[in-house]
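# Fold the following and give me the result.
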Amino acid sequence: MESIQVGDLARKMNLKPGEVIGKLMKMGEMVTITKAIDADTATLLASEYNCEVKVISLYDETQIQEEESTVEDVIKRPPVVTIMGHVDHGKTKLLDTIRSANVIDTEAGAITQHIGAYQVSIPAGKITFLDTPGHEAFTAMRARGAAVTDLVILVVAADDGVKKQTEEAITHAREAKVPIIVAVNKIDLPAADVEKVKKELSQYGLSSEDWGGDTVFCEISAKQNIGVDHLLEMILLQADLLDLKADPTVRAIGRVVEAKIDPGKGPVATVLVQKGTLREGDPYVVGVFSGRVRAMFDDLGRRVKEAGPATPVEITGIDGVPEAGDPFQAVEDEKYGREVAQKRQHYKQITDAASRSAPTLTDLKSWVDAQEVKEVKVIIKADVQGSVEAIRDGLMKLTAEDVSVRVIQGSTGAITENDVNLASASEALIVGFQVRATPRATELAEQQRVDIKYYSIIYDVITDVRQAMEGLLEPDRVEEVVGRAEIREVFKISRIGNVGGCMVLTGKIRRNDSMRVIRDNVVIHTGSLKALKRHKDDAMEVNEGFECGISFDNYNDIQIGDQVEGFEIKEVARKLS
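Below you'll find the model as predicted:
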């Protein structure tokens, strides 16, 4: 993997650990048998012994043998369809119309927060839908949706056209090498312009069939339920062309779509079964955790006994919260599942330990330099793992030159006393997304003056942290010219010095502003005024078109024809780009 213990490397290369340690010491690496080294060092060492190194992932290192499928057992399975598109173009409303249920009202701010996985049955067959969030903070979640999908529906509003996230969705679908069906939504609106949408999408290589291309375009109105049945027919037609098949007789294999801690059920995960059938009571390994299916629920919250290929279900009985996108695999027995999970946790600890290596002198210098960079520290607590990732990704993009954001910890579940203690010790802000603090934690936060902020829309989290960071930025100092005057006469007055008789040409000359004396377009003096007079009276300011008398602090070398420029320095709050 990305890192390996010296003892394990020696065993893989069939060498004595002492010999490997000696070789590494000659290379300048002071190691012990349990010390983890990175893949580059291991590759360099292996080349000395004519060995090749192949870097693999944690799950490749601990592979679980799949059951063999026979041709007779393979049957047709429902397509997995991901609905993508720009924020507020009607993705959830379309899914809502298809399901004839109401998800959108439960979503904060009518923006989909987590991936919802749903299965609908229509007379022609079943279709599984993944509803990916549309806001840009959710790029990682949208990419994950594309990784498990067979088909992408790209929703574009007929009155809005192609936007930034529409482009992102096209990129994700192309990278996942899945066909795209374009659903032009909101055709019932007066401002709808379908031809404009077709023209814009043709620039991204999506040309409609009536334009001579090969992309299926469906004109729909999710709100008025226009053209939705035709869209479903096209999905099933496309699925037939893809010839999607799976063996339901083998042990289940799938992916985690979402995971969270439920107050009543403990850790739960939404799993999309990709192959085989998952049954209640099945032992399994998911990511670095293991468990047994205590109960399974479908997308409507009904308890089910089994789930076949392309079926999304929520499962309980995990001994931790896996990350969204982790592989899921049912195993023969619980004991074997626990062994695999423990092995994966052990390897993960090694990888994590290697990434937290001891600092070098160079690191120390950059650390000292980094102290001059102001930092906003954040602890994220959310209801589901996908939201933690989305908030973390959104915040990491905010880093500027002299102010940065650091996510100290991100996890699921309620805000506890441990979180408050950590925030207090590291002077961090706690962000609670769709979760609340325990009464003890709230009390402790008040005592230790730890700031806990609660949110239900991720965009608001990022906006607030951006504003906090902008508050730490040093303001820009901007010079603003207030007025200009020309010296028309110079009067020599004893005990006072030279006084310039001036005409104000533009703006105004003010007594308390800074002044420049300019001769032949060259600044020869910058300073302040000793006196500003209008006739014989002291004046605070003299406006354009009036005459005045000016004398400077500690400067007398003024001549007829010199320009006097009054200016002030303003501090302007800096913004993060």
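# pretty sure residue 518 is touching residue 562, no?
Yes - here residue 518 lies in contact with residue 562, judged by Cβ atoms under 8 Å, at a distance of 6.8 Å. In this view, the C-beta of every residue, glycine as well, is placed from N, C-alpha and C.
# More neighbours: which of those two?
The residue with more neighbours, out of residue 518 and residue 562, is residue 562; 20 against 15, by other Cβ atoms under 10 Å.
# ok, now how distant is that one from residue 157?
Taking Cβ to Cβ, to the nearest Å as the measure, residue 562 falls 63 Å from residue 157.
# Check residue 335 too.
Noted for residue 335: a distance of 53 Å to residue 157, by Cβ to Cβ.
# of the two, who's got more company?
residue 157 (22 against 10).
# Wait, the more buried one touches residue 183, no?
No - using Cβ under 8 Å, residue 157 is not in contact with residue 183; the gap is 10.1 Å.
# What's the end-to-end length of stretch 310-321?
This stretch, stretch 310-321, spans 22 Å end to end (Cα to Cα, to the nearest Å).
# Averaged pLDDT, that stretch. What do you get?
For stretch 310-321, mean pLDDT rounds to 87.
# Go ahead and flag the most central residue of the chain.
The centre of the chain sits closest to residue 393, judged by Cα atoms, centre = their mean, with a distance of 2.5 Å.
# Quick check: that one is in a strand.
No - the assignment for residue 393, made by DSSP: H, G, I helix; E, B strand; the rest coil, is helix rather than a strand.
# gap between it and residue 412?
16 Å.
# swap in residue 289?
Distance, residue 289 to residue 412, by Cβ to Cβ: 13 Å.
# Give the intersection of the neighbour lists for those two.
Applying Cβ atoms under 8 Å, 6 or more residues apart in numbering, one finds that residue 289 and residue 412 are jointly contacted by residue 321.
# C-alpha coordinates for the longest helix seen in the chain, CSV please?
In the chain, with assignment by DSSP state H, the single longest helix is helix 334-355. The C-alpha trace of helix 334-355 is given here as CSV (Å, rounded to 0.1, in the frame of the first residue of the first chain):
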residue,chain,number,x,y,z
GLU,A,334,-19.1,-13.4,11.2
LYS,A,335,-15.7,-14.5,12.5
TYR,A,336,-14.1,-14.3,9.0
GLY,A,337,-15.7,-10.8,8.5
ARG,A,338,-14.2,-9.6,11.9
GLU,A,339,-10.7,-10.9,10.9
VAL,A,340,-10.8,-9.0,7.6
ALA,A,341,-12.1,-5.8,9.2
GLN,A,342,-9.4,-6.0,11.9
LYS,A,343,-6.7,-6.5,9.3
ARG,A,344,-8.0,-3.5,7.3
GLN,A,345,-8.1,-1.4,10.5
HIS,A,346,-4.5,-2.4,11.2
TYR,A,347,-3.4,-1.4,7.7
LYS,A,348,-5.3,1.9,7.9
GLN,A,349,-3.5,2.7,11.2
ILE,A,350,-0.2,2.0,9.6
THR,A,351,-1.0,4.3,6.6
ASP,A,352,-2.3,7.0,9.0
ALA,A,353,0.8,6.7,11.2
ALA,A,354,3.1,7.0,8.1
SER,A,355,1.3,10.2,7.1
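# Summarise which helices and strands that helix is packed against.
strand 3-5, strand 36-38, helix 58-61, strand 283-286, strand 289-292 (3 or more Cβ pairs under 8 Å, 6 or more residues apart in numbering; DSSP states H and E).
# could I get the ones you listed as TSV with distance to residue 225?
Output for those, formatted as TSV (distance: least, Cβ to Cβ, whole Å):
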stretch	distance to residue 225
strand 3-5	55
strand 36-38	57
helix 58-61	43
strand 283-286	38
strand 289-292	41
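# which one of the ones you listed lies closest to residue 189?
strand 283-286 (43.8 Å; Cβ to Cβ).
# name the helices or strands packed onto the closest one?
Using 3+ Cβ pairs under 8 Å, 6+ apart: strand 283-286 touches strand 289-292, strand 327-330, helix 334-355.
# Give me the sheet partners of it and which way each runs.
In the sheet, strand 283-286 lines up against strand 289-292 (antiparallel), strand 327-330 (antiparallel) (DSSP bridges).
# mind putting the ones you listed in JSON lines, mean neighbour count included?
Formatted as JSON lines, the strands paired with strand 283-286 follow (neighbours: other Cβ atoms under 10 Å):
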{"stretch": "strand 289-292", "mean neighbour count": "22"}
{"stretch": "strand 327-330", "mean neighbour count": "21"}
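# Can you lay out those as CSV showing mean pLDDT and distance to residue 453?
CSV is the format used below for the strands paired with strand 283-286 (pLDDT from 0 to 100; distance: least, Cβ to Cβ, whole Å):
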stretch, mean pLDDT, distance to residue 453
strand 289-292, 90, 30
strand 327-330, 88, 34
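# What is the neighbour count of residue 31?
Neighbour count for residue 31, taken as other Cβ under 10 Å: 18.
# start the count at 488, not 1, going forward
In the new count, where the first residue is 488, that last one comes out as residue 518.
# Is it in a helix, a strand, or coil?
Once three-state DSSP is applied, residue 518 turns out coil.
# Hmm, residue 509 and it touching each other?
No - here residue 518 does not reach residue 509: they are 10.1 Å apart, not a contact under Cβ under 8 Å.
# Specify the beta-bridge partners of the closest residue to residue 827 other than its chain neighbours.
Nearest residue to residue 827 in three dimensions, chain neighbours excluded: residue 772, at 5.0 Å (Cβ to Cβ, 6 or more residues apart in numbering). With DSSP bridges as the criterion, residue 772 is bridged to residue 777, residue 816.
# For residue 772, list the residues it contacts.
Taking Cβ under 8 Å, 6+ apart as the contact definition, residue 772 lies against 551, 815-816, 818, 824, 827-828, 831.
# Please report the distance of it from residue 637.
In terms of Cβ to Cβ, residue 772 sits 25 Å off from residue 637.
# Equivalent analysis for residue 968, please.
For residue 968, the distance to residue 637 - Cβ to Cβ - is 64 Å.
# swap in residue 1029?
Taken as Cβ to Cβ, the span from residue 1029 to residue 637 is 78 Å.
# out of those two, which sits in the busier spot?
Comparing residue 1029 with residue 637 by other Cβ under 10 Å, the one with more neighbours is residue 1029, at 24 against 20.
# hang on, the more buried one in a strand?
Yes - Residue 1029 forms part of a strand when assessed by three-state DSSP.
# Look through the chain and report the residue furthest from the middle.
residue 981 (71.1 Å).
# Give the phi and psi angles for it, as a check.
Backbone torsions for residue 981, taken as degrees, to the nearest 10, come to phi -60, psi 150.
# Now residue 566: closest residue in space that isn't a chain neighbour?
Per Cβ to Cβ, 6+ apart, closest to residue 566 is residue 726, 3.8 Å.
# Would you mind naming the helix or strand containing that neighbour?
Assigned by DSSP states H and E, residue 726 belongs to helix 715-729.
# what's that helix in contact with?
Contacts of helix 715-729 (Cβ under 8 Å, 6+ apart): 565-566, 568, 581, 584-585, 609, 611-612, 614, 637-638, 640, 666, 668, 670, 703, 705, 707, 709.
# Output the contacting helices and strands for the helix or strand just after that helix.
Sequence-wise, the next helix or strand downstream of helix 715-729 (DSSP H and E) is strand 732-733. Contacts defined by 3+ Cβ pairs under 8 Å, 6+ apart place strand 732-733 against strand 562-563.
# Now do the strand it packs on: which elements does it pack against?
strand 732-733.
# From one end of stretch 501-520 to the other, what's the distance?
The first residue of stretch 501-520 is 15 Å away from its last residue (Cα to Cα).
# for it, the distance to its chain's centre please.
Taking Cα atoms, centre = their mean, to the nearest Å, the mean C-alpha location of stretch 501-520 is offset from the chain mean by 41 Å.
# Please, which helix or strand holds residue 885?
Following DSSP H and E, one finds residue 885 outside all helices and strands.
# what's the distance between it and residue 574?
With the distance defined as Cβ to Cβ, residue 885 ends up 19 Å from residue 574.
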